[in-house]
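> Requesting a structural model of the entry that follows:
(chains A and B)
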Amino acid sequence: MKRISLAFFSLLFAISSCITSDEFEVSPRGDFEALWKIIDERYCFFDFKREEYGLDWQEVHNRYSHRVHNSLSERALFQILAKMTRELRDGHVNLRTPFDVGRYAEWYESYPSNYSDSLERKYLGTALQHQIAGNLKYRVLRNNVGYVRCASFMNDIGEGNLHEVMLYLSACDGLIIDVRHNGGGRLSAAMDLASSFCNAPLVVGYISHKTGTGHADFSSPKAITLKPAKGLRWQKPVVVLANRRTYSAANAFVMFMKALPNVTFVGDRTGGGSGMPFSSELPGGWSIRFSASPIYDRHMQHTEFGIEPDQKISISSADFSRGIDTILECAISMLAKEAHSSNKAKFEEDIEKTTVSSNEDHRTPTQRTLRGRTVENIVKASLSHDENLPKGGSRKSVGQ
Amino acid sequence: MRSERPHRVHRHTHLGGIGRNHLYDNYLSPLDYTGFTAGYVFLAESPTHDETARISILKLVGLNLTSAKNPKKNGEFIDMELEAAFGCHFNRTWSNSSGGGNQNGRLRVALGGLAGLHLGGTYSSRNGNNPAQGRLAADLSFSSIAEYGFRLWQQRWLWRTQLDLPLAGVMFSPQYGQTYYEIFELGHTNHNVCLTYFGNAPSMRALSTLSLPFGRNRLSVGIHLNYRQSHLNHLKRHAWNSMFVLGYTRTFKFFD
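Coordinates of the predicted model:
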């Protein structure tokens, strides 16, 4: 009876369709076909890159397929597969093996670094001269300019940390956020930092995702809204420094900041990397990471190949040899000049207040506003904040 | 005065099991993972009135934990599935016993339905932004039970088999390339609650036990097959869970 019942169950189940995996052989050929198929079905920039430089993934398959045969050694196979993934020109595409990581690095290797850790040490000073809050190193530079160095978004930035940084630098006339050589990390960490410069919910970009295996199967892009931080928020001018190694979540941070009114982006073009990566694996055990979910800027433009700065500037060889960070010096000068203009406007405002006795406002529109803010706001509210400041902690996050 | 026959007979069965699970979820990996699984199943059956009543109530709770490896053994899935079901059956009994409560040759066939709730998830040890897949589903199943009591070697044996086939329901699923960050942090939903039916979520549970008296209880040994599958938003998944189960059944008789 038991056998009969088992046979009955098996028959019933056989009638229904079993959902099974794709069959890939565990061999160099199987790895090649699996890699090509995973990318073909899940990669998110095929149409964009076809327009940019003529990427044809089927043609890539045809070109590489004949090089793969089952007698290949592991390292020989790796060389072929890694080269194939580099056709995507995407720093987020990594083929990981126990002996090497296949990667595309031309997005930064072909350009000047525009960053030096020795220069960073010089400007940050000794351990006694700068503070550290979470991922952020910060201090006050000359001309009363605040400097925040954010080298990574790999860990969340606590709201309490951000509050302390803003409080410490609140007397500064301007702020520099340095995300050069920041290779990214958690997108939520980038949003947390950017939220300290935003006073009202603001659409800073769009995100979409694949809805099927076709190259054009995407959802309608939906807005990414930057929400103001619950703690202290910066109200004065900000300069963001970036270079070609500003990538992924750091690239997104620059994209978010560019949507804000008080922010100037100085340095070199960012490295890009605007696809949120997924991971998968090959039958042979190697893992593959690839861009799966595209993020666009607020004008619905891709930033996969980087974001152009408002003021492009590089560290000159002469400055570097003299221990001067040309980009940082430029930012300090810009903010000092801005502060001077702001102070002059404030002085004129004070004079006007003492001489005008009526309630009418006789100021010119230029006097009333400076970079979109009222003069009173600049003076009274170098910082704004919400009353209910959370006591630190981190948020759920996702890496990029 | 107490009646001779109990008015209600409740049967509680506790089963623990170990076995193999065969996992596949193409949101996490294109490869099949296989490994050890351990689980627990609780069944509570009670006729609505007395033992001969035609309607009976069934409650089921199941918990399952799996550790599975990919073919190269360098990746691991940790899977958990919790399910609860409640339903009723229409019973029909045939007996060739000679009276006196002798169960020799007593066959019960029950047909009915179950409303089930499934909660679970799979964690992949090697993924970044797609490290896990969550599962939440509710379904209505066709359920059937066949039970045969017989005497052998002067013992009253009881063979019981249950088969549940989910017919329709709803299930959570991200879109093909959608991150959980987009769903839960940005609040961007996109057909993440899908209708399921036997075509896109062909699943089944079969539980077959053989039990014999042991003191006031019954010891049971059997197999539990729980095959869950879905193909939603171009995401394919299966969990083919097969367990050898061992447990006991307690019978509670309620008199007036």
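> top helix in chain A by residue count?
In chain A, assigned by DSSP state H, the helix with the most residues is helix A:326-355.
> Does that one pack against any helices or strands, and if so which?
Using 3 or more C-beta pairs under 8 Å, 6 or more residues apart in numbering or on different chains; DSSP states H and E, the elements in contact with helix A:326-355 are strand A:145-150, strand A:174-178, strand A:238-242, strand A:263-267, helix A:317-321, helix A:365-368, strand A:369-370, helix A:375-380. No exception for glycine: its C-beta is placed from N, CA and C like everyone else's.
> list the buried ones in that helix?
Across helix A:326-355, burial judged by 16 or more other C-beta atoms under 10 Å in any protein chain shown covers A:326-332, A:334-336, A:338-339, A:342, A:345, A:349.
> Could you do stretch A:49-63 as well?
So, applying 16+ other C-beta under 10 Å, buried residues of stretch A:49-63: A:49, A:55, A:57, A:60-61.
> Tell me how far B:Gly187 lies from chain A.
Noted for B:Gly187: a distance of 9 Å to chain A, by C-beta to the nearest C-beta, to the nearest Å.
> That residue: neighbour count?
Residues within reach of B:Gly187, counting by other C-beta atoms under 10 Å in any protein chain shown, total 9.
> Tell me who's in contact with it.
Residues near B:Gly187 by C-beta atoms under 8 Å, 6 or more residues apart in numbering or on different chains: none.
> Kindly report the same for B:Ser67.
B:35-37, B:76-79.
> which non-adjacent residue is nearest the residue in the stretch 101-250 of chain A that chain B sits nearest to?
Closest to chain B within the stretch 101-250 of chain A is A:Lys210: 3.1 Å, counting by C-beta to the nearest C-beta. Distance criterion C-beta to C-beta, 6 or more residues apart in numbering or on different chains; nearest residue to A:Lys210, sequence neighbours excluded, is B:Gly177 at 3.1 Å.
> doesn't A:Arg42 make contact with that neighbour?
Yes - if you go by C-beta atoms under 8 Å, B:Gly177 and A:Arg42 touch, sitting 6.1 Å apart.
> residues bridging contact with those two, i.e. touching both?
Counting by C-beta under 8 Å, 6+ apart, the residues touching both B:Gly177 and A:Arg42 are A:210, A:278, A:292.
> residues contacting the last one?
This points to A:Ala292. By C-beta under 8 Å, 6+ apart, the contact set of A:Ala292 is A:42-44, A:209-210, A:275-278, B:129-130, B:177, B:179.
> and it, what helix or strand is that in?
A:Ala292 is part of strand A:287-297 when elements are defined by DSSP states H and E.
> Which elements pack onto the very next helix or strand once past that strand?
Per DSSP H and E, the first helix or strand lying C-terminal to strand A:287-297 is strand A:311-312. Other helices and strands packing on strand A:311-312, by 3+ C-beta pairs under 8 Å, 6+ apart, are strand A:263-267.
> what angle sits between the strand it packs on and strand A:238-242?
Put simply, strand A:263-267 runs at 30 degrees to strand A:238-242, going by axes from the mean of the first three to the mean of the last three C-alpha atoms, to 10 degrees.
> between the next helix or strand after strand A:263-267 and strand A:287-297, how many degrees?
As assigned by DSSP H and E, the chain's next helix or strand after strand A:263-267 is strand A:275-281. Counting by the same axes, to 10 degrees, strand A:275-281 lies at 160 degrees to strand A:287-297.
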